[in-house]
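S.K.: the sequence isn't on hand, but the structure is:
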Ligand SMILES: Cc1cc2nc3c(=O)[nH]c(=O)nc-3n(C[C@H](O)[C@H](O)[C@H](O)COP(=O)(O)OP(=O)(O)OC[C@H]3O[C@@H](n4cnc5c(N)ncnc54)[C@H](O)[C@@H]3O)c2cc1C
């Protein structure tokens with residue numbers, strides 16, 4: 001039984017702005033920057049500005065910039081990776097705007113690594129048939145994007161409320177009787193995550209840019225702030241979550257030991273792009289004969305091959321394989337400085353020794369259904385970046401398409417809202433919010449372990465049933481006695497999104513993209529549609545989940 005609202009202290013203050021943006025990663029800051037010259041905009045972010053995934057991105061941003069590359073090839077690579085669930089028209093729009101988004105970031109001051117002459121350096125990643133990944137500082141691409149947007153936002157006078165947790169979307173009724181977004185309930189937090197005060201921010205437009213939900217798994221490349229809050233808020237506001245069974249597992253995070261938990265260092269695909277090769281512990285190549293692109297095959301293929309190699313236990317090792325990047329040699333440290341740091345921290349020098357790696361949750365391909373211009377099914381609510389399902393990624397994201405998507409769609413929504421705002425409506429406060437149960441943060445470990453163990457790279461009906469009952473036990477124990485603070489709000493959101501993801505993964509009885517069922521190994525044409533998960537009854541304090549099969553559509 002899933003709480004239909006989050007309990008929070010009564011609001012003691014109010015603000016009114018034209019646009020409130022929830023989240024300060026690439027998507028949220030792009031939106032805020034684009035709307036700022038014309039509208040009042042407030043960015044609400046639950047931690048420091050750079051707490052989301054953006055600053056961790058290593059590989060870079062995909063865009064057609066090489067004279068021998070083409071928009072058609074980028075489109076086809078994206079469609080191939082998405083295995084029939086991409087919206088082709090949306091992919092074409094993203095791909096055609098991607099080069100401009102790179103030039104825009106450069107005009108804002110982003111320093112991408114230079115190539116020959118006046119060209120930007122481009123590299124290749126898995127699933128790309130050409131070199132089209134723009135990077136910065138070697139493997140510090142996301143940090144440069146975050147720095148550029150942070151500084152640009154400050155320069156442009158964007159107001160930011162840091163350590164402010166968006167608890168709940170607020171809705172109201174338009175003069176035409178249509179329900180629409182009216183603002184957000186926000187808790188200002190102290191350094192320990194305890195609420196200092198709660199307030200209502202009224203806005204004509206709410207832009208959800210709160211990132212993905214990689215933290216529902218015990219082992220992930222995502223930072224601690226990526227807890228699915230935006231998805232949980234949206235489903236509680238009556239919106240469907242679309243295709244959330246498609247969690248992309250990165251094939252290669254640094255394996256630091258059998259009991260490693262939480263965010264793990266990523267070993268970027270660009271390392272394989274530069275020639276590194278995967279081996280199992282017995283010294284056999286993992287990707288030979290598995291896929292024509294071998295070590296540069298799409299992520300789902302590489303993650304599944306590694307999972308199978310680990311299950312075979314070659315060389316007596318069941319929980320990791322090895323990435324041999326020694327062919328890159330001394331150049332490795334200069335090209336991949338952060339990865340070098342992480343490897344040296346566990347005593348491995350990638351220039352001379354093989355790196356132990358394993359798959360971990362990485363990117364949420366599904367999310368709140370939105371168009372590339374951010375609009376959703378709720379008037380006044382816009383969603384951009386990893387929190388969304390726009391149709392760009394389908395069943396599996398092509399590497400480095402996500403930062404590009406965040407900048408393109410964030411900028412679009414900001415520009416559109418600069419042109420025209422929805423009417424502001426009066427927010428209705430939920431009367432059940434005072435009594436709603438919260439999940440005990442101590443029990444979150446049970447949810448995460450169940451997700452990693454039973455809903456990972458390979459799943460089946462039996463493993464998913466185990467996950468469902470482990471999560472249900474935690475949700476059933478949710479109580480009105482748990483103190484309302486960042487930890488219990490995140491725990492409730494994580495358990496909500498986990499339950500929804502398991503429901504969708506159970507319903508999709510086929511394998512496609514990054515959703516792999518060992519009991520349904522084939523991809524079936526009859527499954528070329530979306531799955532929407534909603535809460536069945538929003539009038540009760542808790543509700544069950546409903547699944548709908550929805551024809552493909554933007
Ligand atoms: C290790 C790693 C490497 C990656 N490498 C690449 C790459 O090379 N190329 C690529 O394209 N993509 C890459 N990705 C994915 C990419 O980084 C993300 O998809 C992208 O940064 C998401 O941007 P975003 O703005 O949607 O969300 P984020 O950057 O995650 O930002 C979300 C924001 O929302 C805030 N927030 C969340 N909940 C709340 C709440 N309740 N209230 C207020 N604020 C909230 C967070 O604090 C944060 O500021 C990588 C991801 C990781 C983790």
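M.R.: It's in. All values derive from a computational prediction rather than experimental measurement.

S.K.: so whatever residue of the stretch 151-300 of the chain ends up closest to the ligand: helix, strand or coil?
M.R.: Per C-beta to the nearest ligand atom, residue 211 is where the stretch 151-300 of the chain lies closest to the ligand, at 2.7 Å. All C-beta spots, glycine's among them, are computed from the backbone N, C-alpha and C. State at residue 211, reduced to three classes by DSSP: H, G, I helix; E, B strand; the rest coil: coil.

S.K.: ditto for residue 275
M.R.: Taking three-state DSSP as the rule, one finds residue 275 in the coil state.

S.K.: need phi/psi at the residue nearest to residue 119 when sequence neighbours are not counted.
M.R.: Distances taken as C-beta to C-beta, 6 or more residues apart in numbering place residue 65 nearest to residue 119, at 7.8 Å, with adjacent residues excluded. When read as degrees, to the nearest 10, the backbone of residue 65 gives phi -130, psi -10.

S.K.: return the list of helices and strands in contact with the lengthiest strand in the chain.
M.R.: In the chain, ranked by residue count with DSSP state E as the criterion, the top strand is strand 195-208. If you count contacts as 3 or more C-beta pairs under 8 Å, 6 or more residues apart in numbering; DSSP states H and E, strand 195-208 packs onto strand 13-22, helix 26-35, strand 41-44, strand 164-173, strand 179-189, helix 229-236, strand 381-383, helix 401-419.

S.K.: and it with the ligand, contact?
M.R.: No. With C-beta under 6 Å from any ligand atom as the criterion, the ligand is not reached by strand 195-208; the gap is at least 9.0 Å.

S.K.: what stretches of the stretch 401-550 of the chain score poorly on pLDDT?
M.R.: For the stretch 401-550 of the chain, the stretches with pLDDT under 70 are 431-433.

S.K.: from residue 530, how far off is residue 389?
M.R.: 8 Å (C-beta to C-beta, to the nearest Å).

S.K.: spit out the residues that contact these two alike.
M.R.: Common contacts of residue 389 and residue 530 (C-beta atoms under 8 Å, 6 or more residues apart in numbering): 242-243, 369.

S.K.: who wins for most neighbours among the residues you listed?
M.R.: Counting neighbours by other C-beta atoms under 10 Å, residue 243 comes out on top of these with 27 neighbours.

S.K.: ok, for that residue, nearest residue in space, not its chain neighbours?
M.R.: Nearest non-adjacent residue to residue 243, counting by C-beta to C-beta, 6+ apart: residue 366, 3.3 Å away.

S.K.: show me what contacts the one you found?
M.R.: Contacts here follow C-beta under 8 Å, 6+ apart; on that basis residue 366 touches 241-246, 389, 504.

S.K.: of those, which belong to strands?
M.R.: 241-242, 389.

S.K.: Serialize those to a markdown table and add fields for pLDDT and distance to the ligand.
M.R.: Formatted as a markdown table, these follow (pLDDT from 0 to 100; distance: C-beta to the nearest ligand atom, whole Å):
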| residue | pLDDT | distance to the ligand |
| --- | --- | --- |
| 241 | 98 | 15 |
| 242 | 98 | 16 |
| 389 | 98 | 12 |
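
S.K.: could you give the angle of the longest strand of the chain to helix 401-419?
M.R.: Orientation note: strand 195-208 sits at an angle of 90 degrees relative to helix 401-419 (axes from the mean of the first three to the mean of the last three C-alpha atoms, to 10 degrees).

S.K.: tell me the mean pLDDT over strand 195-208?
M.R.: Across strand 195-208, the average pLDDT comes to 98.

S.K.: how many neighbours does residue 114 have?
M.R.: 10.

S.K.: which non-adjacent residue is nearest it?
M.R.: residue 121 (6.1 Å).

S.K.: give me the distance between that neighbour and residue 99.
M.R.: From residue 121 to residue 99 the distance is 15 Å (C-beta to C-beta).

S.K.: how long is stretch 174-194 end to end?
M.R.: Taking C-alpha to C-alpha, to the nearest Å, the first and last residues of stretch 174-194 lie 34 Å apart.

S.K.: up against the ligand, what does the stretch 201-350 of the chain have?
M.R.: Checking the stretch 201-350 of the chain against the ligand by C-beta under 6 Å from any ligand atom, the hits are 209-211, 221-222, 225-226, 229, 266.

S.K.: tell me the contacts of residue 171?
M.R.: Applying C-beta under 8 Å, 6+ apart, we find residue 171 in contact with 179-182, 237, 378, 427-428.

S.K.: please repeat the previous calculation with a cut-off of 6 Å.
M.R.: 179, 181-182 (C-beta atoms under 6 Å, 6 or more residues apart in numbering).
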